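Visitor: structure, please.
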Amino acid sequence: MNLTSFEYFTAVAKELSFTRAAQQLHTSQQTLSAHIAALEKELGCTLFVRTVPLQLTYGGQRFLHYARRIQEDVSQLRAEFRHMDQKDTGVLRIGGPATRSLVIMPQIAEVFRQYFPRIELQMVICPDCEIADKLRGGAIDIGIAHFGADAFHLQTVDFCREDIVFAATKSLLSRQLGSDADRLLAEVSASGSLCALGVFPFVAQGKSDCADAVITQLYHADKYEPWITARTENTDSMVRLCLRDVGGCLCPENLLKTLLTQRQLEQIAIVPLGASASYSVSVGWLQDPPAWSLTANKQIIDAFVEIATTALFRNTN
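Guide: Predicted coordinates for the structure are as follows:
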C-alpha cells in the first residue's frame, strides 16, 4: 500500500468506472484494475462491486474515509515542508519596549501575516538597553530599538526617528506659568532648554529606555533640576498622569500622539525640543544569523523593515 494506491482508489471511487478513472489518471485500465485488485488482496476485503456503474462495498466506503484523510494529511505535510524549505514558517520573536510595541506592532502584524501567514510574530517586551544582548544571546530574532554604539555583531537599519517633546495640559501651564505661559513655551521651543519653565512639576519615567537617557542629558546640559511629582515605568501611565495635571512630561512625540485621542491632544500643549532631543530607532538582527533562522531570509527582513516603516508612518500622520 502506497500513496499511488490511495490516489488510484479515490479516483475510481469518484468516477465509479475503471475506464473514466484511468483516463483521468492518464494510465491504462488494466494497470488501474491491477492496482485495485492488489489493494483488495492486501486489505483482505472487496472494495468495489463490479457492476455498471461500480458500487462501493461497506469496506470500500470505510477505506475511502481513511484514504481521503490520509491524502489530506499528506497534502498538508507537503505544503508545510515546502514552506519550511522557503524559510517562511515558524516563530519570529520581536523584542522592544512595551509602548513602542503598542505603537507599531499591531499594524506590523496585520500586514506581515498577509505576506507570511505561516510565521507567528511573538512580542518579547524588554527595554532598549537589553535588546542588543538579547539578540546576541539568541533570546530574540529582531529588535526594535535605538542601538547607538551597542551594535557589535548586529545588522541594523534605521527606519524612523523619535523626537522628545515637552507636554503639559493647558490648565496646568496656566496655573504654573500664568499669563507668561505662551512666551515661556516659545522660549523653550527656540532654545531646546527647559530652564525657562523654572520650578515646574514633572511626571517621570523609569531609567530603562533610550528616551530616558536623552531626557537625562537634556537636564544635565542645562543644569536643570526637574521637580518630580510622580514616577512610573510605563509611558502610557506617564501620559495619563500628565493628563490628570500631576505634571508635565517629556515623551517621544509619535508615542504621545498614538496614546491620546484627538480630543485629549487638544487639552495639552506640545513643545518640540530640537535636534538634541531626537534619536534614531532601528530594526536590528544578528549580522550572521544561523542558517535555520528566519532572519537568514533576506526577504523576511526586507519585508519587516518596510512594513515597520509604513506602520509607523500611518500612526504618526
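Visitor: tell me what the top helix by length along the chain is packed against?
Guide: What stands out as the longest helix in the chain, according to DSSP state H, is helix 58-85. Judged by 3 or more CB pairs under 8 Å, 6 or more residues apart in numbering; DSSP states H and E, the packing partners of helix 58-85 are helix 3-15. Heads up, the C-betas are built off the backbone N, CA and C, glycines and all.
Visitor: which residues are contacting the helix it packs on?
Guide: With contacts defined as CB atoms under 8 Å, 6 or more residues apart in numbering, helix 3-15 is touched by 18, 21, 24-25, 27, 32, 35-36, 38-39, 47-48, 54, 56, 60, 63-64, 67-68, 70-71, 74.
Visitor: can we see that at 6 Å?
Guide: The contact list for helix 3-15, computed with CB atoms under 6 Å, 6 or more residues apart in numbering, reads Ala21, Gln24, Leu25, Leu32, His35, Leu39, Leu64, Ala67, Ile70, Gln71.
Visitor: what separation do you get for the second one and Gln71?
Guide: It refers to Gln24. 15 Å (CB to CB, to the nearest Å).
Visitor: picking that back up, now the buried members of the contacts of helix 3-15.
Guide: Buried members of the contacts of helix 3-15, counted by 16 or more other CB atoms under 10 Å: Ala21, Leu25, Leu32, His35, Leu39, Leu64, Ala67.
Visitor: ok, Leu185 - contacts?
Guide: So Leu185 contacts Val271 (CB under 6 Å, 6+ apart).
Visitor: sorry, wrong one. I was asking about Leu250.
Guide: Leu250 touches Ile164, Phe166, Ile215, counting by CB under 6 Å, 6+ apart.
Visitor: for it, phi and psi?
Guide: Per-residue torsions, Leu250: phi -110, psi 120 (degrees, to the nearest 10).
Visitor: same check, this time on Val281
Guide: Here is the backbone geometry of Val281 (degrees, to the nearest 10): phi -120, psi 130.
Visitor: now the spatially closest residue to it that is not a sequence neighbour: which helix or strand?
Guide: Counting by CB to CB, 6 or more residues apart in numbering, the nearest residue to Val281 once its immediate chain neighbours are dropped is Cys160, at 5.1 Å. Assigned by DSSP states H and E, Cys160 belongs to strand 154-169.
Visitor: and what of Asp182?
Guide: Using DSSP H and E, Asp182 maps to helix 181-191.
Visitor: try Cys242
Guide: In this structure, Cys242 sits in helix 235-243 according to DSSP H and E.
Visitor: okay, the angle between that helix and strand 154-169?
Guide: Helix 235-243 runs at 20 degrees relative to strand 154-169, counting by axes from the mean of the first three to the mean of the last three CA atoms, to 10 degrees.
Visitor: which other residues reach helix 235-243?
Guide: Residues contacting helix 235-243 (CB under 6 Å, 6+ apart): Thr99, Val203, Gln205, Ala230, Thr232, Cys249, Leu255, Leu259.
Visitor: at 8 Å instead, please
Guide: By CB under 8 Å, 6+ apart, helix 235-243 touches 97-99, 102, 167-169, 203-205, 211, 230, 232, 247-249, 251-252, 255-256, 259-260, 264, 267-268.
Visitor: got a ChimeraX select line for the buried ones in those?
Guide: The ChimeraX command for the buried members of these (criterion: 16+ other CB under 10 Å) is given here:
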select :97,98,99,102,167,168,169,203,204,205,211,230,232,247,248,249,251,252,255,256,259,260,267,268
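Visitor: out of the contacts of helix 235-243, which are inside strands?
Guide: Per DSSP state E, strands hold the following members of the contacts of helix 235-243: Ala167, Ala168, Thr169, Val203, Ala204, Gln205, Ala230, Thr232, Cys249, Cys251, Pro252, Ile268.
Visitor: tell me what the first one is bridged to.
Guide: When bridges are taken as DSSP bridges, the partners of Ala167 come out as Cys249, Ile270.
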